[in-house]
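# Based on what follows, work out the 3D shape:
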Amino acid sequence: MAKGNGGGNTARTVEQLVRPVVEGMGLRLWDVRFEKEGPDWFLRIFIDRDTPLDTDTCEAVSRAIDPVIDAADPIDQSYFMEVGSPGLGRRLTRPEHFEACLGQKIAARLIRPDASGARELEGILHGFTNGDITLEGPAGPVTFPLANASFVKLCDDEDLF
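All right, here's what the predicted structure looks like:
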């Protein structure tokens, strides 16, 4: 693992290092993940802005943050760094994600069925308060704790195909 920390701690450390650089470039830092896939580790840095991202922007961010991460050296083992967009159907995990997506359609999968027996929820995001998500679904408003969801994602890719 990374210098005695778990993947989550590594991601938080890297986030603190790269946030000023990313925001200084006029972009938003959406998320940082340090994940193991098979034998390899991946440091994934997701950036966003109001206009579509292109590969040149991702490359510029990669080049700008690489020396910052190298100088701090927060990761012991070898890893691959990827900089990209959170993409369509992006997962919402932080309060600022929910704030940015108010009024948009989201989908959630609950870890266990709710009182009505539903595990899959969809609707318009109306609020995120104290860790509780409120959405307007087909049967009316539904509120549930983010901690009860295995994932929550934006439904901005439904009309593409």
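# make it CA atoms for all contacts and neighbour counts henceforth
Fine.
# Sort out which residues of the helix or strand harbouring Glu23 are buried, please.
Using DSSP states H and E, Glu23 sits within helix 7-24. Neighbour-count burial for helix 7-24, counted by 16 or more other CA atoms under 10 Å, picks out 7, 9-11, 13-15, 17-19, 21-22.
# which stretches of the chain form strands?
Assigned by DSSP state E, the strands in the chain fall at 28-37, 40-48, 80-84, 105-110, 120-129, 132-137, 140-145, 149-154.
# Reformat these as a markdown table; add distance to Cys58.
Converted to a markdown table, those look like this (distance: least, CA to CA, whole Å):
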| stretch | distance to Cys58 |
| --- | --- |
| strand 28-37 | 12 |
| strand 40-48 | 8 |
| strand 80-84 | 6 |
| strand 105-110 | 26 |
| strand 120-129 | 29 |
| strand 132-137 | 31 |
| strand 140-145 | 33 |
| strand 149-154 | 22 |
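# excluding its backbone neighbours, what's nearest Pro113?
Arg119 (4.5 Å; CA to CA, 6 or more residues apart in numbering).
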